[in-house]
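>>> quick one: sequence and predicted model below, then my questions.
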Amino acid sequence: MHCAARMTMMAAALGLAAAAARAQAPPGPIPPPVHIQEPPKAALRVTVDWVSTPVTVRNRKGELDLSLGENDFRVVQDGVEQKIEHFDVGGDPLSIVIVVETSSRVDPLLPAVRATGILFSQDVMPGDVQAAIVSYDDTSNLVQAFTSSGDAIERAMNHLPGGLSGAALFDALSRGVEMLSRQPRERRRVILAMAEPVDTGSETKLGEVMRAAQLQNVAIYSVGLSTTAAELRAEAREHPSPYPPGISPMPGPPGIVQTPSTVQIENTSADLGAAAVWAIQHVKEKVKDNYLELAAAATGGEHLAAFKDRTIEKVVSQIAGELHAQYTIGYRPVAGNEPGFHRISVTVDRPGMKVHARPGYFLE
């Protein structure tokens, strides 16, 4: 065979091989060579154009005070006084997500938790109120979508099912924040969690929950359920460790009792995120004992522990009363979109009053 003919046959074979290789190549773009860098993606910038904060005022006796007017309040953010553009006393529409732990850890307390359904119906729901219920064990579950029906909320609470042993608290709180973020801006946004201060297996970090709640004007209230109380009511049941997987008690400084909550916080401080840590460090009454206290302090809510099942109803009633006896203040922040923590201070001109409001919000 002539040389020219052999060259022609070789070229044809190479062409067929290349075509076959192209046919077998996976779909999708070809990655660029290592020396060619893709252009950087634009960073998502969060801005805040409206800040709303519920404000609770108590007198020297600890009683709720509703006698103040708009001119009695002063709001300062980052050292700059803000112009109050919205002011209300107890009458603003309320959207609330009730987050309830139903894990097997609190099985003995579930009858008392279910019994609070009538309290939500009678004490929380009157007025312009929309409520939803999210339960959780190892996953979060929507039990009741937003409704204005007190009967629907009572029925859903009365029939809460028991769950598995997991306790994905942070995921449930995150779901509640996301649900409330879709509610109209003019509505007060509240999460009321009935839970242990324990999380196992959540994909969401506590710092992410707190930051999102701050940006979405969500106040987190909590009724702290007691695992110890639950265990005392359990019959012939093995006592589980109160510590989440991977966390064991460590000896602390002399005179300091190491509880599950303090150990969790010390061992998972990185999960809080810089925003949450900064916020908590700058709250006047610092709290470091448990997750629920941290979330409440960072968002302007309140944490109340229930050590016996009969006190669960008292705590729910107390929180319900406060929700309907709050001032609501709204304003457009002046220069409030720079990265960092933006400190909010709410004061009143009358002496002897104790004012409780959210500490601020964090932007990255």
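Structure's in. What do you need?
>>> how about the helices in the protein?
Along the chain, the segments classed as helices by DSSP state H run 3-24, 110-114, 117-119, 150-158, 169-181, 206-215, 227-233, 260-267, 269-281, 291-299, 309-323.
>>> who are the packing partners of the third one?
So the one you mean is helix 117-119. Under the contact criterion of 3 or more Cβ pairs under 8 Å, 6 or more residues apart in numbering; DSSP states H and E, helix 117-119 touches helix 150-158, helix 309-323. The way it works is simple: take the backbone N, C-alpha and C, and place the C-beta from them, glycine included.
>>> in it, what counts as buried?
Residues of helix 117-119 classed as buried by neighbour count (16 or more other Cβ atoms under 10 Å): 117, 119.
>>> what does that helix contact?
Residues outside helix 117-119 that contact it (Cβ atoms under 8 Å, 6 or more residues apart in numbering): 153-158, 313, 316-317, 320.
>>> separate out the buried members of the residues you listed.
Buried positions within these, assessed by neighbour count (16+ other Cβ under 10 Å), are 153-154, 156-157, 313, 316, 320.
>>> could you count how many residues lie near the closest residue to Thr47 other than its chain neighbours?
Nearest non-adjacent residue to Thr47, counting by Cβ to Cβ, 6 or more residues apart in numbering: Asn337, 4.7 Å away. Residues within reach of Asn337, counting by other Cβ atoms under 10 Å, total 12.
>>> residues in contact with Asn337?
47-48, 363.
>>> least confident of the helices and strands packed on helix 117-119, on average?
Mean pLDDT per stretch puts helix 309-323 lowest among those, at a mean of 88.
>>> how about that helix: buried residues?
Neighbour-count burial for helix 309-323 [16+ other Cβ under 10 Å]: 309, 311-313, 315-316, 318-320, 322-323.
>>> right, so of the helices and strands packed on helix 117-119, which gets closest to Leu225?
The closest of the helices and strands packed on helix 117-119 to Leu225 is helix 309-323. By Cβ to Cβ, the value is 7.5 Å.
>>> what's in contact with the closest one?
Outside helix 309-323, the residues that touch it by Cβ under 8 Å, 6+ apart are 56, 64, 94, 96, 109, 111-113, 115-116, 119-120, 123-124, 188, 190, 192, 194, 221, 223, 225, 229, 233, 302, 304-306.
>>> now render the helices and strands packed on helix 117-119 as CSV, adding distance to Arg332.
Converted to CSV, the helices and strands packed on helix 117-119 look like this (distance: least, Cβ to Cβ, whole Å):
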stretch, distance to Arg332
helix 150-158, 34
helix 309-323, 25
